[in-house]
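**Student:** please find the sequence and the predicted model below.
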Amino acid sequence: MGKTQLGARVDADVAELARKRAADLGMSVGDYLARLVQDDASGLRARAVDAAARFLAEHQDVFDEAEESRAPRGAHAA
């Protein structure tokens, strides 16, 4: 395994694949890796938002019940 600028150790085969893919895209290896990280982070963010939406949808009745129990009953003070 060779050492990279970031201090990470990468198999020579993996490094070569990254160099070839970056060249195919007309990018430097650093820019290519940065793009991979951004794409991964975007995917994680999308999955997290989807999971939160599913959780809220599945438990909406619990939230509604909690909200209704906090609402003041009877006449409201002016």
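**Tutor:** Done, it's in.

**Student:** going forward, measure contacts between C-alpha atoms and count neighbours the same way
**Tutor:** Fine.

**Student:** which strand or helix spans residue 62?
**Tutor:** Per DSSP states H and E, residue 62 falls inside helix 60-70.

**Student:** quick check, distance from that helix to the centre of its chain.
**Tutor:** Chain-centre distance of helix 60-70: 29 Å, with C-alpha atoms, centre = their mean, to the nearest Å.

**Student:** off-centre distance for the top helix by length along the chain?
**Tutor:** Looking across the chain with DSSP state H, the single longest helix is helix 29-58. Offset of helix 29-58 from its chain centre (C-alpha atoms, centre = their mean): 3 Å.

**Student:** and that helix with helix 60-70, angle?
**Tutor:** Interaxial angle of helix 29-58 relative to helix 60-70 (axes from the mean of the first three to the mean of the last three C-alpha atoms, to 10 degrees): 60 degrees.

**Student:** which helices and strands does helix 29-58 pack with?
**Tutor:** Under the contact criterion of 3 or more C-alpha pairs under 8 Å, 6 or more residues apart in numbering; DSSP states H and E, helix 29-58 touches helix 12-24.
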